[in-house]
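**Student:** Mind folding the following:
(one chain, ligands or ions: 2)
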Amino acid sequence: MILNSTRIFKVRPDLSGCDDMAALRFAADVLKNGGLVAFPTETVYGLGANALDENVVEKIFEAKGRPNDNPLIVHLSSYEDMHKYCDIQNEYLPKLYCFMPGPLTVVLPKKDIIPKSVSGGLDTVGIRVPQSLIARKLIELSGVPVAAPSANVSGKPSPTCAEHVINDLSGKVDVIIDGGSTGVGVESTVITLCTQVPLILRPGGVSHEALKVVLGKVDLSPSITAPLKDGETAFAPGMKYRHYAPETPVYLIKGEEKNVLGFLRTKASNEKCAVLCYYEDLPFVCGKSVYSVGGKNSPEIYARVLFACLRKTDSLSDINAIYARIPESTDGISLAVYNRLLKASGFSMINSDEYKNRIKIIGLTGPTGAGKSLFCLAAKKRGINCIDTDKIGHEILQKDTPAYRELSETFGRKILDKDKTISRKKLGEIVFSSPEMLAELNRITHKYISLRVCEIINEYEKAGCKAVCIDAPVLFESDIPRICDCTVGVIADEKIRCDRIIKRDNITVKKAAARMSAAKDTEFFKEKCDFILENNQSEQEFLACADILLQKIESMLKW
Ligand code: TXA
Ligand code: MG
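**Tutor:** Ligands and ions are numbered 1, 2, ... in the order given. Below is the predicted model of the structure:
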């Protein structure tokens, strides 16, 4: 079935546009008269048809290329209509009232009015009342229950904006309503009340935890996190198909954070691949196809952008793999993200802890004058390259670098000297006047320093180096410990450090004391570092101690 033209209407989510209701009335008529309408819901876009008309429902399966044993969800404009289409005599149903409208689909015994083609031959039907105003108004205006799967070609990631629907279904449907990007980003939770204990068949917008609160007991179908075994049948027929899947192979990456970041960094720099990682990971995974799925502590963003990221990365012509970080937990919306990633990858999981060959990273810190440079000397003698973050900090402030541009945009021209270079003095005056300004400066500089550090690590790794040492006075104020295999703090008595600074920098006692007062005290380093080296002795003695520690680290990290 090829339609000559698909009409596309832009509609505001709150229906405040002057033509919005007219567009919905037009689309509702199309539904009533046996046409196909793609529309936004709060989860993903749906491909709707009159659920009571068997012939029209056939068109959905055809347009999507969907196996016809995979049942469709029936969408209603209100909870109160449910009794018309399913048996509502169920002790648990009233408790779910609080989620309807919402991203929840409830499976109940169906009434005869619902054709078997809608329910994929089952005696049950999934009912959902979407939260989206566009969706509910459309259903209400059509006057019919609307059968709607996600509006993608079967097997592809579900559409979260009209562009995805247009790419998949243009010419195959009568109307597409463009209501912008969907909010939740993953599909509704499907729960069946036809089992003794309510059972979640598909995790989604309403969490397991929230359902437990209202229902008391809720089970999770094993197929949510494990592939079906041979001969096993899926409770939700849709869960047995390879799903949400780009054509490019997807791999899920798990393991300790430093190993995950090491794995992604190495892959992004050596392979033609795309990477999905947290916003905070971006400075540590440099590469041209690296995408953020939001902050580590905002799993709802991962859910919102996941499908768009999979579509985007799949459209890149020059990549052979997509590597995605698994969510931090399986609580809340993260269970749905985890489930979709498992399906997209066909359960291909890589444990980064098993990738032992990457370059090992030692974080080195300590107060000024304690002897970090001497430790670097000992490291170099053992073939370990060192990266001086102070030096990088100076380099990234050079004129016309990205950091230079971001800093001058953030703090204004008042940080620039006459020759347009950044004046460290002027910058200092501004940022030390307020903690917020200082935090902003650190956010910007740490990002660019980390990026450069990782570029250098990549170069060393490619050159065959087995280990690298990052010399960073403010290591723990930055995010760099996240990529370190271990951390070393070099400390020394205050009097000794003061004498060293005076001698090294040729400055007065007063100036040396001022410099020292900016550094954290030794307790801070003792608490934070994996290893502490005290340096109150001669250079030769300290070098020997550093060498012994490095030997120990080498055998511990095995390089
Ligand atoms: O958020 C959503 O649920 C979206 C929007 C458009 O509402 N719809 C959606 O539909 O995701 P679809 O067809 O892509 O996925 C429906 C899932 C399938 O896994 C299907 O097997 C399951 O729900 N399902 C539907 N009716 C069922 C039933 N009677 N028994 C068991 N599972 C059912
Ligand atoms: Mg679907």
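
**Student:** So Asn259 sits against Ile350, correct?
**Tutor:** No - with contact defined as CB atoms under 8 Å, Asn259 does not count as touching Ile350 (10.3 Å). The way it works is simple: take the backbone N, C-alpha and C, and place the C-beta from them, glycine included.

**Student:** Once you drop chain neighbours, what's closest to the residue positioned nearest the centre of the chain?
**Tutor:** Nearest residue to the geometric centre of the chain (CA atoms, centre = their mean): Val293, 2.8 Å. Distances taken as CB to CB, 6 or more residues apart in numbering place Tyr302 nearest to Val293, at 4.4 Å, with adjacent residues excluded.

**Student:** Give the phi and psi angles for the closest residue to Gly205 other than its chain neighbours, as a check.
**Tutor:** Spatial nearest neighbour of Gly205, excluding adjacent residues (CB to CB, 6+ apart): Pro103 at 2.5 Å. In this entry, Pro103 is assigned phi and psi values of phi -80, psi 60 (degrees, to the nearest 10).

**Student:** Correct me if wrong: the residue nearest to the centre of the chain contacts Cys277.
**Tutor:** Yes - the pair Val293 / Cys277 is scored as a contact, 6.9 Å apart, by CB under 8 Å.

**Student:** what do these two both touch?
**Tutor:** Listed as contacting both Val293 and Cys277 by CB atoms under 8 Å, 6 or more residues apart in numbering are Ala324, Arg325.

**Student:** Which residues of the stretch 1-150 of the chain lie near ligand 1?
**Tutor:** Within the stretch 1-150 of the chain, the positions near ligand 1 by CB under 6 Å from any ligand atom are 41, 43-44, 46, 70-73, 105, 107, 119, 122, 124-126, 128, 148-150.

**Student:** how close does the nearest residue to Glu534 once chain neighbours are set aside get to Phe26?
**Tutor:** Counting by CB to CB, 6+ apart, Glu534 lies nearest to Ile491, which is 5.8 Å off, once chain neighbours are set aside. Noted for Ile491: a distance of 74 Å to Phe26, by CB to CB, to the nearest Å.

**Student:** got the buried residues for stretch 212-224?
**Tutor:** Within stretch 212-224, the residues scored as buried using 16 or more other CB atoms under 10 Å are Val214, Leu215, Val218, Leu220, Ser221, Ser223, Ile224.

**Student:** Among those residues, which lie within strands?
**Tutor:** Residues of these located in strands (DSSP state E): Leu220.

**Student:** And the buried residues of stretch 212-224, which two are furthest apart?
**Tutor:** For these, the maximum inter-member distance is 23.5 Å, found between Val214 and Ser223 (CB to CB).

**Student:** Now the longest helix seen in the chain: buried residues?
**Tutor:** If you go by DSSP state H, the chain has its longest helix at helix 435-462. Under the neighbour-count criterion of 16+ other CB under 10 Å, helix 435-462 has 440-441, 444-454, 456-458, 460-461 buried.

**Student:** and Cys469, what is it in contact with?
**Tutor:** Cys469 touches Ile362, Gly363, Leu364, Phe375, Cys376, Ala379, Ile384, Asn385, Cys386, Ile387, counting by CB under 8 Å, 6+ apart.

**Student:** Same list, those residues, but as JSON lines with pLDDT, neighbour count and distance to Met516 please.
**Tutor:** Output for the contacts of Cys469, formatted as JSON lines (pLDDT from 0 to 100; neighbours: other CB atoms under 10 Å; distance: CB to CB, whole Å):
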{"residue": "Ile362", "pLDDT": "98", "neighbour count": "25", "distance to Met516": "25"}
{"residue": "Gly363", "pLDDT": "98", "neighbour count": "25", "distance to Met516": "22"}
{"residue": "Leu364", "pLDDT": "98", "neighbour count": "28", "distance to Met516": "19"}
{"residue": "Phe375", "pLDDT": "98", "neighbour count": "28", "distance to Met516": "19"}
{"residue": "Cys376", "pLDDT": "98", "neighbour count": "20", "distance to Met516": "20"}
{"residue": "Ala379", "pLDDT": "98", "neighbour count": "24", "distance to Met516": "24"}
{"residue": "Ile384", "pLDDT": "97", "neighbour count": "22", "distance to Met516": "28"}
{"residue": "Asn385", "pLDDT": "97", "neighbour count": "18", "distance to Met516": "29"}
{"residue": "Cys386", "pLDDT": "98", "neighbour count": "17", "distance to Met516": "23"}
{"residue": "Ile387", "pLDDT": "98", "neighbour count": "22", "distance to Met516": "24"}
